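Novice: Here is a sequence together with a model predicted from it:
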Amino acid sequence: MSKNENTGISGQLRKKTTELEVTRVLKSAKYWRLLVPVPVVMAFLMFGTGAFAQDLPTGPWKYGKIIGTYVHKFYGPGKKLPGNFTVASKSVVITATSLNVRNGPGTTYKVIATVKKGMVLKVLRQTTGWYNVVLPDGRNGWVAAGYVTVKNLNQPNPQVPKPETPGADLGTPTEKHGVVKSGIVNVRSGPGTTYPVAAKVTNGTRVRITRETAEWYKVTLPDGKEGWIAKYLVLVENQVPSRGDTPGTGNSGGDIPGEAGRLTEVRVESVGEQDIVTVNADATITYTVYVLAEPYRLVIDLNNMKKDDLPESFAGTGKWVQGVRLSQYSLEPLKARLVVDLARYLSYKVKYAEDKKSIRIEIQEPSINGKTIVIDPGHGGYDPGAIGVTGLREKDYNLDTALRVYNLLKELGANPIITRDTDTFIALTDRAAIANNAQADVFVSIHANSSENASLNGTSTYYYAPESDPVLYAQADARRKLAVKVQAQLAANLGIKDLGIKTANFSVLRNTGMPSILVESAFLSNKTEEALLKDSGFRDKVARAIVDGLVAYFTEP
């Protein structure tokens, strides 16, 4: 978590509680439990000094000073805080088309997000010219007062203007079809996130689009229900392909070019243990590739490309590819689609030629061989992490176990990268940057858990893919799958309580551009589990479980 004026955040809680498990933002960042005097449903921490909390989802924010691991007392709106801040009891409505959210009250602070016109955000506190607001993903940041209007908590939420007469509607009429292209998508009663969720649809659902605004589609669902979906979550169909192949979460290559190109060749061949599909064009190829099931197939969308006079089908000649189909998927935007029918679930890589006018799709037996996997031993250097009942330092356990994982991955032919191989401090953002710069396939951060409650025990795995972040949410299925596969192995092999998979807004999960997880092996604060964490045999079990989970992630549907 970054050290800025704002602070750490515990996030939204599932139910009212008087205990918050948070991370103190200090040099020795560690998990700790904060006790609050009344049950709360949401809480935020100032930088090591105080906490904001709500006892009702729609209630005002209250502030209390942190003393040790306790919030001494909560004060309501109007309380003056150090630094010329005041506890607020209001919301603000964004009036600018797009407004920067910063990590402190001033234009010299870093931009951490942007918000759109019409969004309603609750205010934690305020100072001259700035409001500290709660973002939809649970983070908090500062917006300039000149670009918002204030609304008190007892006022109704402003909505996008509703039609004055029954039967009237918002947006511009249209008539087209689309496919939902993300894991689980909210369908709302109006074109904005302030409207209630009317339904949910899943990846691949085909919808009829009847109206649109700048950022939303009004759609009719297969069951006849109507609602609004954000445009970025829908792929518009202008020409339906022969077998209705619809995209799921995938990977992209290149930037959308300005000039249209023509496909000149599609070739299928078998080389050793691989089947290879080669696509050539007379211009730079940009693509998006998806894996679809039942039956398994690769769908490669070739942006700004004309099919020209190439055949619509090609015979499979190898052991994995059963056939290849090509169509002019749409004319506006211009897009050709290549569908590769597979014998079963298989792994693939897409590689560019040097001039980027050719791509080579290599299809083979799923394997961890060649996968770039970043292993991250948590904490290090002056940051010991949690400290066990008898003195075991989390950073030492993390490093030793991570090195065991690294060696096992090497033996399997993977390309492991470790963020630190000695007792040194690495900033959280730098850990994510190592993975991003290496274009890693996955990222695994290894930790040991801790709590003020010494009886807590068990193993868990965290991932993060909030709906509010389009980039992370596009990976929701892959991120969850990685967590599920690794946690299944931990639960099966460690002989301790299975706490399951969880979600948390950890920096290394938020800032990595590939599927990523954080493993909490066991509790250092539990005397029995600390003894296990000291044991070399147990560390071997943890390392093997993580590696087996990674193998399952890469080789199983």
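Specialist: All right, it came through fine. Numbering: from 1, shown residues only.
Novice: And the longest helix belonging to the chain, what's buried?
Specialist: The single longest helix within the chain, with elements called by DSSP state H, is helix 536-555. Buried residues in helix 536-555, defined by neighbour count with 16 or more other C-beta atoms under 10 Å: 538-539, 541-543, 545-554. Bear in mind the C-beta positions are built from the backbone N, C-alpha and C, glycine included.
Novice: what does stretch 96-113 give?
Specialist: 99-105, 109, 112-113.
Novice: which residues of the stretch 351-500 of the chain fall in strands?
Specialist: 358-364, 372-377, 415-418, 442-449, 459-463, 498-503 (DSSP state E, counting those that start in this stretch).
Novice: any low-confidence regions in the stretch 201-350 of the chain?
Specialist: The model of the stretch 201-350 of the chain has pLDDT under 70 over residues 202-204, 237-259, 291, 293-294, 316-317, 345.
Novice: now the strands for it?
Specialist: Here the stretch 201-350 of the chain has its strands, by DSSP E, counting those that start in this stretch, at 206-212, 216-220, 226-230, 234-237, 250-253, 261-271, 274-281, 286-292, 297-303, 305-306, 313-315, 321-331, 334-342, 347-352.
Novice: doesn't D301 make contact with L334?
Specialist: No - L334 is beyond contact range of D301, at 10.9 Å (criterion: C-beta atoms under 8 Å).
Novice: Counting neighbours, go ahead and name the busier of these two.
Specialist: More neighbours surround D301 than the other of L334 and D301, with 21 against 16 (other C-beta atoms under 10 Å).
Novice: hang on, the earlier thing: out of the strands of the stretch 201-350 of the chain, which is closest to N132?
Specialist: N132 lies closest, by C-beta to C-beta, to one member of the strands of the stretch 201-350 of the chain: strand 226-230, at 26.3 Å.
Novice: what helices or strands is the closest one leaning on?
Specialist: If contacts are counted by 3 or more C-beta pairs under 8 Å, 6 or more residues apart in numbering; DSSP states H and E, strand 226-230 sits against strand 184-188, strand 197-202, strand 216-220.
Novice: got a list of contacts for the second one?
Specialist: For strand 197-202, contacts defined as C-beta atoms under 8 Å, 6 or more residues apart in numbering pick out 180, 183-189, 207, 221, 225, 227, 229.
Novice: measure A281 to E265 for me?
Specialist: Using C-beta to C-beta, to the nearest Å, A281 is found at 8 Å from E265.
Novice: between those two, which one's more packed in?
Specialist: The residue with more neighbours, out of A281 and E265, is A281; 21 against 10, by other C-beta under 10 Å.
Novice: just checking, the more buried one touches K357?
Specialist: Yes - look at A281 against K357 with C-beta under 8 Å: they come within range, at 5.4 Å.
Novice: Could you give the separation of stretch 354-370 from the chain centroid?
Specialist: 25 Å (C-alpha atoms, centre = their mean, to the nearest Å).
Novice: what about it, average pLDDT?
Specialist: Averaged across stretch 354-370, pLDDT comes to 87.
Novice: same thing with stretch 397-414?
Specialist: 93.
Novice: and that stretch, which residues are buried?
Specialist: For stretch 397-414, the neighbour count (16+ other C-beta under 10 Å) marks 397-399, 401-406, 408-409, 412, 414 as buried.
Novice: Kindly report the same for stretch 212-221.
Specialist: Buried residues in stretch 212-221, defined by neighbour count with 16+ other C-beta under 10 Å: 212-213, 216-219, 221.
Novice: now do stretch 124-132
Specialist: 124-127, 130-132.
Novice: ok so, going back, want to throw the buried residues of stretch 397-414 into a markdown table with distance to E175?
Specialist: Below are the buried residues of stretch 397-414 laid out as a markdown table (distance: C-beta to C-beta, whole Å):
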| residue | distance to E175 |
| --- | --- |
| Y397 | 60 |
| N398 | 56 |
| L399 | 60 |
| T401 | 57 |
| A402 | 55 |
| L403 | 59 |
| R404 | 59 |
| V405 | 54 |
| Y406 | 55 |
| L408 | 56 |
| L409 | 52 |
| L412 | 52 |
| A414 | 50 |
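Novice: Just name the closest of those residues to D309, please.
Specialist: Closest to D309, out of all of these and judged by C-beta to C-beta, is A414, at 43.1 Å.
Novice: list the contacts for that closest one?
Specialist: 368-373, 550.
Novice: just G495 next, same as before
Specialist: Per C-beta under 8 Å, 6+ apart, neighbours of G495: none.
Novice: OK, contacts around R344?
Specialist: Neighbouring residues of R344 by C-beta under 8 Å, 6+ apart: Y296.
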